[in-house]
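J.: Give me a model of this one.
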Amino acid sequence: MKVIATLGRLLATTLFCVSAIAFTWQNAFFANTSAIAAPAVNLIAAADMGDQVQGKANEDARRTKGFIRDTANQVEQTARKNAKRVERATDNNDSLIERKAKTDAATIQKRAEEDAYRTQKAVDKTKNAVERTVDNIKDAFN
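T.: All right, here's what the predicted structure looks like:
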């Protein structure tokens, strides 16, 4: 189910980006009536707009990755703090509960890293899909 949900989100994101690009480009051509008189000028402007879209996609991906990394660090820090609290509560006597808290903290930290990596990879795939779409649209107008 997680795979289907992830694919659905990725598909929805890609569809949204493609629609946004299409509407942006449509407005660039149809809102400017000089496109009829000088189509080369508008094609250059459209190419510049495509570069702007790609630049914004790169910036958004960088910010999103930073947010993902910060979230993973927060989860890891919280897991460490909770394990230390259990350790203090059991008076460092290496009890079963203390060992369990330490293994749970290690598991949580490991999963946070894995989840952050997978999420960042998905962000890269989405960014690459947007870039490919913009490149394809640019190629269509060249």
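J.: Could you name the helices and strands sitting against the worst-scoring helix or strand of the chain on mean pLDDT?
T.: The helix or strand of the chain with the lowest confidence, counting by mean pLDDT, DSSP states H and E, is helix 39-89 at a mean of 73. In this structure, helix 39-89 makes packing contacts with helix 2-30, helix 96-141, judged by 3 or more Cβ pairs under 8 Å, 6 or more residues apart in numbering; DSSP states H and E. Glycine gets a C-beta too; all of them are placed from N, C-alpha and C.
J.: helices or strands up against the shortest one?
T.: Meaning helix 2-30. With contacts defined as 3+ Cβ pairs under 8 Å, 6+ apart, helix 2-30 has these neighbours: helix 39-89, helix 96-141.
J.: possible to save these as TSV with distance to Cys17?
T.: As requested, the helices and strands packed on helix 2-30 are exported to TSV (distance: least, Cβ to Cβ, whole Å):
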stretch	distance to Cys17
helix 39-89	8
helix 96-141	5
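J.: how about those, which one is nearest Leu7?
T.: helix 96-141 (10.1 Å; Cβ to Cβ).
J.: just checking, what packs against the closest one?
T.: Counting contacts by 3+ Cβ pairs under 8 Å, 6+ apart, helix 96-141 packs against helix 2-30, helix 39-89.
J.: so how far is that helix from its chain's centroid?
T.: 8 Å (Cα atoms, centre = their mean, to the nearest Å).
J.: by how many degrees do that helix and helix 2-30 diverge?
T.: Between helix 96-141 and helix 2-30, the angle comes out at 30 degrees (axes from the mean of the first three to the mean of the last three Cα atoms, to 10 degrees).
J.: What residue in this protein is the furthest from its centre?
T.: Residue farthest from the centre of the chain, counting by Cα atoms, centre = their mean, is Asn93 at 43.8 Å.
J.: which residue is nearest the centroid of this protein?
T.: In the chain, the centroid-proximal residue (Cα atoms, centre = their mean) is Val123; its distance is 3.1 Å.
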